[in-house]
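Colleague: After the sequence you'll find the predicted model.
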Amino acid sequence: MTVIGLDDTDSRERGMCTTYLAARLATRLREESAAAVQRQLLVRLNPAVEHKTRGNAALALHADVDPDEAFRVAREEVAAVAETDDPRTNPGLVVAPGDPDEVPDAVAAFAREAVRDHLTVEAAEARIAAAGYRSQGWKLGRGKVGALAAVGALAAFGGRSGGAETADAPAGEYASDWTYECISYRDPERVGTPREVDADSVFAAANDAYPEAWDTVDRETGELVCVPHTPGPILHGIRGDDAETVRRVADAIESEPVARRAVFLTNQGTDAHLQAATIPEVADGRSYRVPGTVASAPETRRGGHVFFRLDDEGAQIQCAAFEPTKRFRDRVRALRVGDRITACGEVSEGTLKLEKFAVRELDRTELVTPDCPECDRSMESAGAGQGYRCRDCGTTAPGKVERALDRELELGWYEVPPEARRHVAKPLIRGGFDAPIHPEK
C-alpha cells in the first residue's frame with residue numbers, strides 16, 4: 001500500500017479544487033498503472049488557519065501502487081492543474097509507503113495537531129524526513145503541512161480496515177467518526193459558466209435521504225447548499241453518513257452532464273476541530289467548546305451581528321453570531337443574563353464566533369415592580385431604598401418581586417443553519433450530543 005498526500009492546489013479567486021486533483025490522480029493511477037485505489041480521503045484541517053486557500057481541505061489516496069510510480073504521476077498531476085499563479089497557493093506532495101493505519105506515531109500526532117492547531121512547513125519537513133517519506137513543495141511548499149496531515153489522518157482519527165465501507169471505532173477523544181462526500185465534477189469546458197442544476201430534483205433527493213444525508217439544502221431559505229457558488233470544477237457535493245446514501249442522492253439530481261464523480265471518506269460533519277477548554281485557556285486561531293454564564297444581554301450591532309459576553313468565575317470572553325448565520329441569531333438574541341451555556345466556535349481577535357451552543361440552565365424568573373394586594377394596581381417607588389407604595393391605599397412592599405418568565409429557548413443544543421455551517425462542524429441531526437437537540441434543516 002502507498003499513501004499519497006496532497007494539499008494547497010486551489011485558489012479563492014481562480015477556483016480549482018484539490019479534491020479534483022485527487023480524483024484525476026486516482027483515475028490516472030487506475031488506468032495507467034493498473035493500481036487499485038482503495039480509498040480517497042478528504043481531511044478538513046484547522047478552519048482558523050490564516051494561510052488556508054478556501055475550505056482548508058487536504059487529500060490522501062490509499063493505493064496499491066509502487067511509491068516511485070505514485071510520486072512521479074502525482075508530481076505531473078500537481079504541475080498540470082494546481083493554481084500556482086495565485087500567490088496564496090503553495091502546493092505540497094507527500095508519498096508514504098506502507099499501510100495508512102500504521103504510520104509512525106509522530107505522523108499521526110501531526111495530523112491531530114493540524115486539525116486543531118497551527119503548524120509550520122519546517123515541522124512538516126522534519127517529520128517527513130524522520131519517516132523517510134518522499135515529498136515535494138511548489139513555491140513556499142506550505143501544502144506539505146496538509147499533505148503530511150492527510151497521510152496520518154486515518155491513524156490519527158481511527159482507522160478503517162479492509163476499505164472505506166467497514167468501520168473501527170477506538171475509544172478516546174479521537175474515536176473514529178468518519179463521514180462521506182460524493183463529489184460530482186463538471187466538464188472542463190463548462191467551468192466558469194453558471195451551473196445547471198435542477199433545484200426540485202435536489203430537494204426531492206435531499207428529503208428522501210434525510211437525515212442520513214445532511215446539509216444538502218437549506219429548507220428555510222431554499223438554498224442549494226450542495227452546489228458551490230465559487231469558481232471551480234465541482235458541480236455538487238453530497239454529504240452523509242454512508243457511501244451508498246451519498247451516491248444515491250447524487251444519482252437522483254438532474255443537472256448538466258457529470259464529467260467524473262468520486263466518493264471521499266472524510267472528517268466533515270464531525271466537530272473534529274473543537275477542543276474542550278475554559279475561558280482563560282482559549283487562544284486565537286483555534287476552535288473550542290467553552291462553558292460559561294451569559295454575562296451581558298445580547299446586543300445587535302451594525303451589520304446585523306449579535307454580541308454578548310460569557311463569564312466563567314470572573315474570566316470573560318466576547319461571543320458573536322455574525323450576520324451570515326441568519327436565523328441562528330434569533331436563538332442568540334433569546335439568551336438572557338444568567339443563562340448557563342456551552343459555546344462552540346473559533347476564537348479570533350479575542351471573540352468566539354459561534355457555530356453552535358448548548359443551553360444548560362435557563363433563568364426562568366425576572367424581577368418586576370409589585371402589584372398592590374389590595375387594589376391590584378402596580379405600585380410606585382417610595383424613593384431610593386424605600387421600596388414601593390400603592391398610591392391609592394398606602395400599602396407598601398420592600399422591593400421588586402420575582403415573576404415567572406416565558407422563555408423562547410429550551411434546554412439543549414442549537415446550531416447555525418445548513419447554509420452557514422462550516423465543513424467540519426457537526427450537524428445536530430447526526431446525534432451523539434449530551435443534551436436534547438434542536439436541529440436546523
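Modeller: Yes, it's here. Residues are numbered from 1 along each chain as shown.
Colleague: Following the record's annotation, map out the domains of the chain.
Modeller: What automatic domain parsing lists as the domains of the chain is 2-156, 179-266, 274-364+414-438, 366-404.
Colleague: tell me the average confidence for the last one?
Modeller: Mean per-residue pLDDT for domain 366-404: 85.
Colleague: Would you indicate which residues of that domain are buried?
Modeller: 370, 371, 372, 379, 388, 389, 390, 395, 397 (16 or more other C-beta atoms under 10 Å). In this view, the C-beta of every residue, glycine as well, is placed from N, C-alpha and C.
Colleague: Can you show me the helices along the stretch 101-250 of the chain?
Modeller: Secondary structure of the stretch 101-250 of the chain by DSSP state H, counting those that start in this stretch: the helices cover 105-116, 121-131, 143-156, 199-209, 243-252.
Colleague: Pick the most deeply packed of those helices.
Modeller: By mean neighbour count, with neighbours taken as mean count of other C-beta atoms under 10 Å, helix 143-156 ranks first of the helices of the stretch 101-250 of the chain at a mean of 31.
Colleague: Return the list of helices and strands in contact with it.
Modeller: Applying 3 or more C-beta pairs under 8 Å, 6 or more residues apart in numbering; DSSP states H and E, we find helix 143-156 packed against strand 2-7, strand 36-44, strand 57-64, strand 92-97, helix 105-116, helix 121-131, strand 134-137.
Colleague: so what's residue 104 up against?
Modeller: With contact set as C-beta atoms under 8 Å, 6 or more residues apart in numbering, residue 104 has these partners: 127, 130, 131.
Colleague: Format the helices and strands packed on helix 143-156 as JSON lines; extra columns: mean pLDDT.
Modeller: Shown next, in JSON lines, are the helices and strands packed on helix 143-156 (pLDDT from 0 to 100):
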{"stretch": "strand 2-7", "mean pLDDT": "97"}
{"stretch": "strand 36-44", "mean pLDDT": "96"}
{"stretch": "strand 57-64", "mean pLDDT": "97"}
{"stretch": "strand 92-97", "mean pLDDT": "98"}
{"stretch": "helix 105-116", "mean pLDDT": "97"}
{"stretch": "helix 121-131", "mean pLDDT": "98"}
{"stretch": "strand 134-137", "mean pLDDT": "97"}
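Colleague: Out of these, flag the one nearest residue 435.
Modeller: helix 105-116 (23.2 Å; C-beta to C-beta).
Colleague: Touching the closest one from outside, list them.
Modeller: Contacts of helix 105-116 (C-beta under 8 Å, 6+ apart): 43-46, 58, 96, 119, 123-124, 127, 130-131, 145-146, 148-153, 155-157, 174, 267, 272-273, 275, 286-287, 424.
Colleague: quick one: that helix to helix 143-156, angle?
Modeller: Per axes from the mean of the first three to the mean of the last three C-alpha atoms, to 10 degrees, the angle that helix 105-116 makes with helix 143-156 is 110 degrees.
Colleague: what angle sits between helix 105-116 and helix 121-131?
Modeller: Using the same axes, to 10 degrees, the inter-axis angle of helix 105-116 relative to helix 121-131 is 150 degrees.
Colleague: gap between residue 311 and residue 293?
Modeller: Taking C-beta to C-beta, to the nearest Å as the measure, residue 311 falls 5 Å from residue 293.
Colleague: So which of those two has more stuff around it?
Modeller: Counted by other C-beta atoms under 10 Å, residue 311 and residue 293 do not tie: residue 293 has more neighbours, with 18 against 15.
Colleague: a strand runs through that one, doesn't it?
Modeller: Yes - secondary structure assignment places residue 293 in a strand (DSSP: H, G, I helix; E, B strand; the rest coil).
Colleague: List the beta-bridge partners for it.
Modeller: residue 311, residue 340 (DSSP bridges).
Colleague: just residue 353 next, same as before
Modeller: Beta-bridge partners recorded for residue 353 (DSSP bridges): residue 320, residue 346.
Colleague: Tell me the confidence at it?
Modeller: 98.
Colleague: Tell me if I'm right that residue 94 and residue 129 touch.
Modeller: No - contact criterion C-beta atoms under 8 Å: residue 94 and residue 129 do not qualify, at 11.1 Å.
Colleague: neighbours of the nearest residue to residue 64 once chain neighbours are set aside, just the number please.
Modeller: Among residues not flanking residue 64 along the chain, residue 36 sits closest, at 4.5 Å (C-beta to C-beta, 6 or more residues apart in numbering). Burial of residue 36 is recorded as 12 neighbouring residues (other C-beta under 10 Å).
Colleague: cool, and residue 415?
Modeller: Neighbour number of residue 415 under other C-beta under 10 Å is 26.
Colleague: Which phi and psi values does it adopt?
Modeller: Residue 415 adopts backbone torsions of phi -140, psi 160, taken as degrees, to the nearest 10.
Colleague: quick one, what contacts it?
Modeller: 328, 355, 356, 421, 425, 427, 428, 438, 439, 440.
Colleague: please redo it, this time with the cut-off set to 10 Å
Modeller: 325, 328, 331, 344, 354-358, 421, 425-429, 433, 437-440 (C-beta atoms under 10 Å, 6 or more residues apart in numbering).
Colleague: so it bridges to which residues?
Modeller: residue 356.
Colleague: What does the pLDDT read for it?
Modeller: 98.
Colleague: Go ahead and confirm residue 250 touches residue 260.
Modeller: No - using C-beta atoms under 10 Å, residue 250 is not in contact with residue 260; the gap is 11.9 Å.
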